[in-house]
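Chemist: 3D, please:
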Amino acid sequence: MNQFSFLLLLFIVSCTNQKSISIPENFSENKIPKLYSDEWYILNNSNDDYLVKNENGKLVVEKTKYRNSSKLNILGGNLIGENGGEWGGKLSFKSNDNSLPVKKIKSGNIVQIFKFQKKIFFIEGLAHLSTSEGELYELNPKDFSYKKLIDFEDAPEAVTTYKDKIFIASHQNFYEIENFKKTKIFEKEFWGSLYPNSIAVFDEENIFLGMRSGIVKINLNTKKIEFFREK
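Modeler: Presented below is the predicted three-dimensional model:
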């Protein structure tokens, strides 16, 4: 086999190994608007919010409503997170049998509670007026103590885990966390104030964000962003 044939074979194998994630037929690609442009304000004023999910390797997109609470089942009960925006929120524990009073663990706007690497974490975030910030905490479920691991200079809004990484879509940015070290992949993107609500990861070339007015596809390898709206 000559060198040209070998390179051609590698190219074919590479293309074959790439996943092709189908965008729902009722969505089409749209031009990405500039932040705060007239086109962007149309998106911001929309009443349509979309949730993305990875269901058995298929991208599922559903209309959704804004949620201001999160819950995680643990031994003996549930962790409950509340996010009231400018009015505050809290993280609490409620026992399954209601034999104990609800225990308030921490004040703060709780974006999401999740398990990762057999431990429990929670994210706080607040975007209001000139404030946009957040934190990642680790929680000890035995005594409900917690410790801060990472600060964010932009309010986290959607969180998911994939293999050994945590992905966070914030008010305007996108972060990758590996070994609890934060990397900002995208900054001041058009989804500012379009409120990302969900992340669906298939691989690092197929990451989807659900938000107001549509969905976004992110390719971490090429740093390409695509925007899709319902037809």
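
Chemist: so which elements touch the strand or helix carrying Met211?
Modeler: Here Met211 is covered by strand 206-211, with elements defined by DSSP states H and E. Under the contact criterion of 3 or more CB pairs under 8 Å, 6 or more residues apart in numbering; DSSP states H and E, the helices and strands touching strand 206-211 comprise strand 49-55, strand 58-64, strand 198-203, strand 214-219. From N, CA and C alone the C-beta is placed, and that goes for glycine too.

Chemist: what's the closest of those strands to Lys231?
Modeler: strand 214-219 (10.8 Å; CB to CB).

Chemist: elements contacting that closest one?
Modeler: strand 27-30, strand 49-55, strand 206-211, strand 224-230.

Chemist: quick one, which of the ones you listed is packed in tightest?
Modeler: strand 206-211 (a mean of 24; mean count of other CB atoms under 10 Å).

Chemist: related to what we said a few turns ago, mind putting the helices and strands packed on strand 214-219 into TSV with distance to His128 and mean pLDDT?
Modeler: Compiled in TSV, the helices and strands packed on strand 214-219 are given as follows (distance: least, CB to CB, whole Å; pLDDT from 0 to 100):
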stretch	distance to His128	mean pLDDT
strand 27-30	29	98
strand 49-55	19	97
strand 206-211	18	98
strand 224-230	26	98
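
Chemist: nearest approach to Ser20 belongs to which of those?
Modeler: Short answer: strand 206-211, nearest of the helices and strands packed on strand 214-219 by CB to CB, at 8.6 Å.

Chemist: could you give the angle of that closest one to strand 198-203?
Modeler: Between strand 206-211 and strand 198-203, the angle formed by their directions is 170 degrees, by axes from the mean of the first three to the mean of the last three CA atoms, to 10 degrees.

Chemist: direction included, what does strand 206-211 pair against?
Modeler: Strand 206-211 has the following sheet partners, assigned by DSSP bridges: strand 198-203 (antiparallel), strand 214-219 (antiparallel).

Chemist: and the closest residue in space to Asp154 that isn't next to it in sequence, what does it touch?
Modeler: Sequence neighbours aside, Ser170 is the residue nearest to Asp154 in space, at 4.1 Å (criterion: CB to CB, 6 or more residues apart in numbering). Under the criterion of CB atoms under 8 Å, 6 or more residues apart in numbering, the neighbours of Ser170 are Gly125, Ser132, Gly134, Phe152, Asp154, Ala155, Pro156, Glu157, Pro196.

Chemist: also Phe228?
Modeler: The contact partners of Phe228, taken as CB under 8 Å, 6+ apart, are Ile23, Phe27, Ser28, Glu29, Asn30, Gly214, Ile215, Val216, Lys217.
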